[in-house]
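[1] Give me the fold of what follows.
(2 chains)
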2 protein chains.
Amino acid sequence: MIIVKGGVTAAKGFLASGVRAGIKKSGRKDLALIYSEEPAVASGAFTTNRFQASPVKLSRVYLKNGKHQAIIVNSGNANCANGSSGDKNALYMAYLASCGLCLKRREVLVASTGIIGRPLPIEKIDDGIIDLVEGLSKEGGDDFAEAIMTTDTVKKESAVKIKLKNGCIVTIGGACKGVGMIYPVLNTERHATMLCFFTTDAAISKKMLARALEEAMDTSFNMISVDGDMSTNDSCFIMANGLAGNKKITSAGRDYAIFTDALKFLATELAKKMVADGEGATKFVEIEVTNAKSEREARVIARKVSTSNLLKCCVYGEDPNWGRVAASCGASGVEFDPDKVDIYLGPIKVLNNGASVRNFDKEKARKVFKKHDINIKVDLKSGRYKAKSWTSDLSKEYVAVNSEYST
Amino acid sequence: MIIVKGGVTAAKGFLASGVRAGIKKSGRKDLALIYSEEPAVASGAFTTNRFQASPVKLSRVYLKNGKHQAIIVNSGNANCANGSSGDKNALYMAYLASCGLCLKRREVLVASTGIIGRPLPIEKIDDGIIDLVEGLSKEGGDDFAEAIMTTDTVKKESAVKIKLKNGCIVTIGGACKGVGMIYPVLNTERHATMLCFFTTDAAISKKMLARALEEAMDTSFNMISVDGDMSTNDSCFIMANGLAGNKKITSAGRDYAIFTDALKFLATELAKKMVADGEGATKFVEIEVTNAKSEREARVIARKVSTSNLLKCCVYGEDPNWGRVAASCGASGVEFDPDKVDIYLGPIKVLNNGASVRNFDKEKARKVFKKHDINIKVDLKSGRYKAKSWTSDLSKEYVAVNSEYST
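    As a prediction, this is how the structure comes out:
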């Protein structure tokens, strides 16, 4: 696998665009489109929130269609909690894109992100659609990545190339947004406001594509937290148009494994970019739980620690108050033996068999917390499973960003 | 029921004290004692954290004893994650108090609160024990309430008098501390760093006392959150010495109901005081969930909303961004029908049957958020059960307090 430049247009046959439709007060780009020149199979993973935005409800239905060729996305408005008029507007977004692209409505997927409970200004999307379609290009991936941003400060794109059987080269690219209301719980049966869009020229069956996406979610987006708040709009899409010409992946063989590993890598890269750009973030924290009795237990503990406000505050303050890691592991609901647990801050062991290490080097521990990237390891010494989660710190800037958002 | 002055010494036969033992760097009071002049029955409720502080483990064992007469408490050090030396020190705390009071060690309960993973300076407790015992008095309730404080800014005490059968007057008093690492999940089978101590002169069996305590926890401490972080030390104790001379409560009759209602009232008052004094708190928020299918569902949703960082930030910013309430309800894991839900900010309806109310009075909604006490109501319109939770806002001061704690 090699990492290449680009995002959603890195793979063969994908074009994209991003324009200013006037949905955002700031006047920034807020309407985006991905288009596959050939019909593609698609899959999606969505938030498990009981309140689902209208575009989420619509895309879940449309994904039952066999083929798709486009995804239309707006930022600046979540189109959530808008009742039946919200549902109609989501439909109308798909309709507008389908008309512009000469597609059937069901071949278009829809996503929105922004504030909840405000009417979607559909007339602005209507006005912007011609520019959006006309703007489609191979270079448009960057505009796309920019137009889906809300409180994000940087564009988030990644792409890789992999070699399948017979030497066939397949490209997978992706772009995502989301730095607040970030605690996704997505799978292909459900729905996640992070948005993520993958495109690939791999030839793969719809069924195996869904499976690969679900596998990739579990070790990436489903392991990050900025604030522990799950959105009503989280959505992750993947489209595969087959233009790479590889032997179609229809079962879990070697090619599937290579493809899925690459997708996992890409999803993890993008998930980490989201956390690194998390609202108010000044630090990037990786929490590693090792030697758990099951993967589920490792994941639950790693994720619980990633949501600890107290830990996130002391990371911000560069204060290695590791007791907050222990308390958070213990609050996870997982039944582990506390008297076996070791905790490390970077390379420094601070807890040994559940007891604090008396004379650990406090200066070195402080240095670990002074770095931008901080690694915390919890060794349960009870099994052979592990998991990683990622989080940002909780800063005064986070509070500032989120106390002044809607007004 | 009437509210009276005082705290843990309001009931007949209870004395208390609080002294400076030098555990806290600040030099504030940090060692506290409650003593019942007559043997009392006692019960306790503790945190469900897998990491349990040594005093929690010890008190759980000692509560199996039939009678108790004292509770010794230190602040400034959690005596948690200190391995076997922590366990020995907890034992030694009980021993020191028992010697000073001429009791058996098992008649003394122990609690600690403060930083995790630092050795308990038991020699300081040893040095302070004479002052502590000598200082016991009817007026010592205030000193007790002061000596258990950590980042608390005010003492938290309450007391009530109730009339049982035959006109017998029973007093219940209490004191508590805890304004950070506050997300207790306690019951009498488990263990919560809030600390709370109730004393009563009621005559009641140990079994009925435990039941009353558990009932009282569920609608008070188990419904508050400051930061969503569950402590390793949360403990709630109640001692009943029978000096009121009422007919002993041994079953769930009318006296039990009156007693439990009073205890619930007192626990709720104290729980609200903790939230109002929550670290960095500038606001007090009550979340009321009504018409749920079950009490459990109402409680789960109310509690989930109370932990939303995004909601807590917009409360701090006085920005009525109610979409965050909806998203949080939906993230609770409870299966309700989103299309039935109404949400109110104070008296202002902002969501009606799952759809935003188009022309609600935004100025009035803003005024609701400008008040110190904010009421948010979620009406599920699906059943007849309800629950209330309480939380503070998430302020820049909260981050400041918690980024500079251990160093």
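
[2] Chain B contacts on the stretch 201-350 of chain A?
    Proximity of the stretch 201-350 of chain A to chain B, by C-beta under 8 Å from any C-beta of the partner chain, involves residues A:227-232, A:307-310, A:313-314, A:316-324, A:326-332, A:334-336, A:338, A:341, A:350. The way it works is simple: take the backbone N, C-alpha and C, and place the C-beta from them, glycine included.

[3] Kindly list the main-chain dihedrals of A:T153?
    Backbone geometry at A:T153, expressed as degrees, to the nearest 10, gives phi -110, psi -20.

[4] any idea how far A:G180 is from it?
    11 Å (C-beta to C-beta, to the nearest Å).

[5] ok, the two, which is more surrounded?
    Neighbour tally, A:T153 and A:G180, criterion other C-beta atoms under 10 Å in any protein chain shown: the higher count belongs to A:G180, 25 against 10.

[6] In space, what's closest to the more buried one - neighbours in sequence excluded?
    A:E279 (4.2 Å; C-beta to C-beta, 6 or more residues apart in numbering or on different chains).

[7] Can you tell me the SS state at A:C176?
    strand (DSSP: H, G, I helix; E, B strand; the rest coil).

[8] so of the residues of the stretch 201-350 of chain A next to chain B, which ones are in strands?
    A:V350 (DSSP state E).

[9] List only buried entries from the residues of the stretch 201-350 of chain A next to chain B.
    A:227-232, A:307-310, A:313-314, A:316-324, A:326-332, A:334, A:336, A:338, A:341, A:350 (16 or more other C-beta atoms under 10 Å in any protein chain shown).

[10] hang on, the earlier thing: mind listing which of the residues of the stretch 201-350 of chain A next to chain B are in helices?
    A:309-310, A:313-314, A:316, A:323-324, A:326-330 (DSSP state H).

[11] What is the nearest of these to chain B?
    A:G323 (2.6 Å; C-beta to the nearest C-beta).

[12] hang on, the earlier thing: what two of the ones in helices among the residues of the stretch 201-350 of chain A next to chain B have the greatest distance between them?
    A:Y316 and A:G330 (22.4 Å; C-beta to C-beta).

[13] Give the burial count for the residue nearest to A:G180, as a bare number.
    A:E279, neighbours per other C-beta under 10 Å, totals 28.

[14] for A:S382, same thing?
    17.

[15] That one and A:W322: what is the separation?
    20 Å.

[16] Who is the closest residue to A:I376 other than its chain neighbours paired with across the strands?
    The spatial neighbour of A:I376 that comes closest, neighbours along the chain excluded (C-beta to C-beta, 6+ apart), is A:I287 at 5.1 Å. In this entry, A:I287 is beta-bridged to A:I376, A:S389, by DSSP bridges.

[17] So for A:I287, what pLDDT did the model give?
    What the model reports for A:I287 is a pLDDT of 98.

[18] A:S231 now?
    88.

[19] if I pick A:P320, what's in contact with it?
    A:314, A:345, A:350, A:362, A:365-366, A:368-369, B:406 (C-beta atoms under 8 Å, 6 or more residues apart in numbering or on different chains).

[20] 7 Å instead?
    Taking C-beta atoms under 7 Å, 6 or more residues apart in numbering or on different chains as the criterion, A:P320 is in contact with A:345, A:365-366, A:368-369.
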